[in-house]
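1. Sequence first, predicted coordinates after that:
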Amino acid sequence: MQVGLEAARQAAQKLGHRIALEVADAGAAIRAARRLLHSLEAPMLLEGHSIQVTASLGIALYPYNGTTVDQLQRCADSALYRAKEQ
């Protein structure tokens with residue numbers, strides 16, 4: 001995959017560090033997370049330099065982990081920090 005530095009900067013600004021997905025169940029959330037992580041495995045070419053991207057994910061499920069956006073974000077953040085510790 002080849003991207004320009006400006007395009008990468010704009011994507012990072014637009015997305016920040018959170019992505020929300022609506023999925024049918026926990027299994028679908030896990031499959032989506034695995035696909036996302038797999039898509040980042042391949043090195044990317046950025047203005048002639050090969051870069052490797054890594055990611056950690058935290059998943060929160062409605063209504064199990066919360067019923068408001070704030071509750072779900074806090075739960076997902078907590079899961080993310082646990083993932084980063086592994």
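-> Yep, it's here.

2. Please list all residues in contact with the residue nearest the centre of the chain.
-> Nearest to the geometric centre of the chain sits L57, at 5.3 Å (C-alpha atoms, centre = their mean). Going by C-beta atoms under 8 Å, 6 or more residues apart in numbering, L57 touches A33, L36, L37, A79, L80, A83. (Glycine included, C-beta is placed from N, CA and C.)

3. and with 6 Å instead?
-> By C-beta atoms under 6 Å, 6 or more residues apart in numbering, the residues touching L57 are A33.

4. State the pLDDT value of it.
-> For L57, the pLDDT comes out at 89.

5. Which strand or helix spans it?
-> For L57, there is no helix or strand it lies in under DSSP states H and E.

6. With L37 instead?
-> Assigned by DSSP H and E, L37 belongs to helix 26-41.

7. Next, the buried residues of that helix.
-> A29, A33 (16 or more other C-beta atoms under 10 Å).

8. Moving C-terminal from that helix, which element do we reach first?
-> strand 44-46.

9. avg pLDDT for that following strand?
-> The average pLDDT within strand 44-46 is 86.

10. now stretch 60-75
-> For stretch 60-75, the mean per-residue pLDDT is 90.

11. which parts of that stretch are buried?
-> By 16+ other C-beta under 10 Å, the buried positions in stretch 60-75 come out as A60, G66, L72, C75.

12. Between the two ends of that stretch, how far is it?
-> Using C-alpha to C-alpha, to the nearest Å, one end of stretch 60-75 lies 6 Å from the other.

13. outside of that stretch, which residues touch it?
-> With C-beta under 6 Å, 6+ apart as the test, stretch 60-75 has contacts from A26, A76.

14. ok now that stretch, how far from the chain's centre?
-> With C-alpha atoms, centre = their mean, to the nearest Å as the basis, stretch 60-75 stands 16 Å off its chain's centre.

15. before we move on, what about stretch 25-45?
-> 8 Å.

16. List the contacts of it.
-> Stretch 25-45 is contacted from outside by M1, Q2, L21, V23, S50, I51, Q52, V53, A55, L57, I59, L61, using C-beta under 6 Å, 6+ apart.
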